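Provided below are the primary sequence and the corresponding predicted coordinates.
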Amino acid sequence: MHILPRSFYQRDPLTVAPDLLGKILLHNLDGVILSGRIVETEAYLAFIDQASHSYNGKTARNSSLFGEAGHAYVHSIHKQNCIDIVTELVNIPSSILIRSLIPLKGIELMKTLRNKKDIKLLTNGPGKLCQALSISKDLDSIDVTKSSSELTILDDGFRINPAQIKRSKRVGLSKAKESKYRFFIA
DNA sequence: AGCTAGATCTACT
DNA sequence: GTAGATCTAGCTA
């Protein structure tokens, strides 16, 4: 069990996105652990990707995307929060959106936070998993590669069969819908 | 100060 | 599968 190093994120987002599948997103709330295994991601590219929030330049909202790889980008959309992890280099604003998890630790607390009993409904969407793991915009720009951070991404040695990784079009977009930048475990 | 679009969710059919 | 709810950042003036 170890934290993924910054070098993991300093690569092409289309490489990082499938590599993140099977890794663990963990939020440490003063010792109370909320965690889940990542089973669905989407890549958002720098400069050429019209669907990326960075496409129209840097603003107060998206400034995290222009920072160092391995930091989070938390933003709100339609009353929900979504979380990305920044990839590549400073001023190359690409990222990976975490779309879905399988709950691991803190499931009872997640049920309370989500006001749902069915485990399948706790973290099966980008807004839902932020609610279940108590991820708010307070965590925007947090470094997920430092053990002192309350939000980290871990590798516990779990490996998926590459044949189980599927690729498809991204979800919920109005622009650049056709690019197949979504990765998930079958 | 007002307008608009948006990387969603839920409930219902 | 589709409709409706609902909030915020960013832009214009």
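Alright, I've got the coordinates.

and what about residue A:33, helix, strand or coil?
Three-state call for residue A:33 (DSSP: H, G, I helix; E, B strand; the rest coil): strand.

count of neighbours near the residue nearest to it when sequence neighbours are not counted?
In space, and not counting its chain neighbours, residue A:33 is closest to residue A:105: 4.5 Å by C-beta to C-beta, 6 or more residues apart in numbering. Where you see a C-beta, it was placed from the backbone N, CA and C, and this is true even at glycine. Residue A:105 has 15 neighbours, counted by other C-beta atoms under 10 Å.

got a list of what residue A:105 touches?
A:26, A:33-35 (C-beta atoms under 8 Å, 6 or more residues apart in numbering).

who's residue A:165 bridged to?
Beta-bridge pairing of residue A:165 under DSSP bridges involves residue A:185.

what's the burial count for it?
16.

which pLDDT does the model give residue A:186?
Here, the pLDDT recorded for residue A:186 equals 89.

near DNA strand B, which residues of chain A? Just list them.
When proximity is defined by C-beta under 7 Å from any atom of the strand, chain A lies next to DNA strand B at A:42, A:44, A:51-54, A:65, A:73, A:76-80, A:82, A:84, A:95, A:97, A:114, A:116, A:121, A:125-129, A:170-175.

what are the contacting residues of stretch A:154-170?
Under the contact criterion C-beta under 8 Å, 6+ apart, stretch A:154-170 has outside partners A:1-4, A:18, A:21-24, A:26, A:37, A:42, A:51, A:176-186.

go on, stretch A:42-51?
Contacts for stretch A:42-51 (C-beta under 8 Å, 6+ apart): A:13-14, A:16-17, A:52-55, A:84, A:88, A:92-97, A:99, A:170-171, A:173, A:175-177, A:179, A:181-183.

burial of residue A:182, as a residue count?
18.

how far away is residue A:111 from residue A:120?
12 Å (C-beta to C-beta, to the nearest Å).

out of these two, which sits in the more crowded spot?
The neighbour comparison of residue A:111 against residue A:120 (other C-beta under 10 Å) goes to residue A:111, with 17 against 9.

any chance you could map the helices in chain A?
Along chain A, counting by DSSP state H, helices occupy A:6-9, A:13-20, A:107-114, A:126-132.
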